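Engineer: Give me a model of this one.
(one chain, ligands or ions: 2)
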Amino acid sequence: MPMTRGSNLGLLKEKLVAAEAITVLTGAGISADSGVPTFRGADGLWKNVRAEDLATPDAFERDPRLVWEWYNWRRELIATKQPNNAHNAIVELERRCPNFWLMTQNVDGLHRDAGSQKLSEIHGNIWKVRCTGCGVVENNRDVPIAILPSCPRCGSLLRPHIVWFGESLSPDDLDDCSRALKHCDVLLIIGTSGVVYPAAGFASVAKEAGAFVAEINLDPTPQSALVDLSLHGRAKDLVPLLLEPL
Ligand code: BV8
Ligand code: ZN
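Structural biologist: Residues are numbered from 1 along each chain as shown. Ligands and ions are numbered 1, 2, ... in the order given. The predicted model follows:
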């Protein structure tokens, strides 16, 4: 008998209350309610820009100015955005559950702004730059950022400290994610289309380790068939409901 949203919501709340360890994975959908465009949705960022054209080391090698102009445009956009009630609810979930970890694919920094502390920004952070020469990573909140930015230490070109397609995630982040996925009672997946790996494979890692896996998303995704429970709707409306008393 298909479960209605009410019973799904109630079951997920029960699982979260009973959980010793909770892991959360978020994607662009959680920031959509803050006004940050998603990548593949109707208002998607990628609509007029193909990810393969810009979010790759080859693109940066070929035309660093074009890539920096695109990131500068996103920095200017994100600088005006605030966390929403879904980001805030995840901070509260972290406060309630000592054994908690958040893995975000988002580079907008809104989880940090909301107060999340136990988190891995697995695709990097748009407010960090990395020197292509000496490798130093620094925060840089300049809006606009001077194009082309150079390293104050060695003079080399700075790049966004972001994981591009064809680049590996940091080994530390991968270790943190693997631990969080294999030792959680509940994996909550919020606002991701589930097409970019390795994050798209996290649901099955947690499932194989025995976790209850739930998805909160506007639309069905390739993971929908795999998860134990799906709630369809806006993250800002649904995630805060998870914190309400049973
Ligand atoms: C890796 C940084 C090992 C840029 C991003 C061929 C060659 C090379 C690699 C590959 C290849 N084939 C496959 C790969 C692997 C590749 C990959 O998975 N490609 C896909 C496209 C097939 N992955 C990689 O390259 C990764 N590295 O594998 O290393 C390796 C090394 C060398 C060679 C092979 C393997 C690196 C992946 C990281 C790429 N960087 N971003 C930037 O952000 O500037 S990915 C980009 O997509 C963003 O980071 C974003 O976070 C991520 C995922 O997108 P989503 O967050 O899911 O957003 P999306 O718009 O897609 O979906 C939003 C969802 O929210 C929708 O479902 C919508 O319904 C929902 N929604 C909307 N509004 C709401 C909502 N839900 C709730 N409430 C709402 N209000
Ligand atoms: Zn340098």
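
Engineer: I'd guessed Cys184 sits against Lys207; true?
Structural biologist: No - using CB atoms under 8 Å, Cys184 makes no contact with Lys207, being 10.9 Å away. Quick note: C-beta positions are derived from backbone N, CA and C, even for glycine.

Engineer: ok, the two, which is more surrounded?
Structural biologist: Neighbour tally, Cys184 and Lys207, criterion other CB atoms under 10 Å: the higher count belongs to Cys184, 25 against 17.

Engineer: Which secondary structure state does the closest residue to the more buried one other than its chain neighbours sit in?
Structural biologist: Nearest residue to Cys184, sequence neighbours excluded (CB to CB, 6 or more residues apart in numbering): Thr23, at 3.9 Å. When classified by DSSP: H, G, I helix; E, B strand; the rest coil, Thr23 comes out as strand.

Engineer: what's the answer for Asn125, then?
Structural biologist: From three-state DSSP, the assignment for Asn125 is strand.

Engineer: Near ligand 2, which residues of the protein? Just list them.
Structural biologist: When proximity is defined as CB under 5 Å from the ion, the chain approaches ligand 2 at 131, 133-134, 151, 153-154, 156.

Engineer: try it again with 6 Å
Structural biologist: 131, 133-134, 136, 151, 153-154, 156 (CB under 6 Å from the ion).

Engineer: All the strands of the protein, in order from the start?
Structural biologist: 21-26, 99-104, 119-121, 124-131, 137-139, 158-162, 186-190, 212-217, 229-232 (DSSP state E).

Engineer: re the thing from before, just give me the neighbour total for the residue nearest to Cys184.
Structural biologist: 28.

Engineer: ditto for His123
Structural biologist: 21.

Engineer: Quick one: residues contacting His87.
Structural biologist: 30-31, 34, 110-111, 113-114, 116 (CB atoms under 8 Å, 6 or more residues apart in numbering).

Engineer: Correct me if wrong: Thr23 contacts Trp101.
Structural biologist: Yes - Thr23 is within contact range of Trp101, at 5.0 Å (criterion: CB under 8 Å).

Engineer: what touches both of the two?
Structural biologist: By CB under 8 Å, 6+ apart, the residues touching both Thr23 and Trp101 are 180, 184.

Engineer: mind checking pLDDT for Met1?
Structural biologist: Each residue has a pLDDT score; the one for Met1 is 45.

Engineer: Ok, Ser7 next?
Structural biologist: pLDDT, read off for Ser7, is 89.

Engineer: and the protein, which residues reach ligand 1?
Structural biologist: Listed as neighbours of ligand 1 in the chain under the rule CB under 6 Å from any ligand atom: 27-29, 32-33, 38-41, 44, 55, 105-107, 123, 162-168, 191-193, 195-198, 217-219, 221, 234-235.

Engineer: Show me which of these are buried.
Structural biologist: 27-29, 32-33, 38-41, 44, 55, 105-107, 123, 162-164, 191-193, 196, 217-218, 221, 234-235 (16 or more other CB atoms under 10 Å).

Engineer: Among the residues you listed, which lie within helices?
Structural biologist: 28-29, 32, 235 (DSSP state H).

Engineer: Please tabulate the contacts of His87 in CSV, including the columns distance to Val227, neighbour count and pLDDT.
Structural biologist: Putting those into CSV (distance: CB to CB, whole Å; neighbours: other CB atoms under 10 Å; pLDDT from 0 to 100) gives the following:
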residue, distance to Val227, neighbour count, pLDDT
Ile30, 17, 32, 98
Ser31, 21, 27, 98
Ser34, 25, 21, 98
Leu110, 24, 22, 98
His111, 21, 24, 98
Asp113, 28, 15, 98
Ala114, 24, 20, 98
Ser116, 22, 22, 98
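
Engineer: Find the pair from those residues with maximum spatial separation.
Structural biologist: For the contacts of His87, the maximum inter-member distance is 14.0 Å, found between Ser34 and Ser116 (CB to CB).
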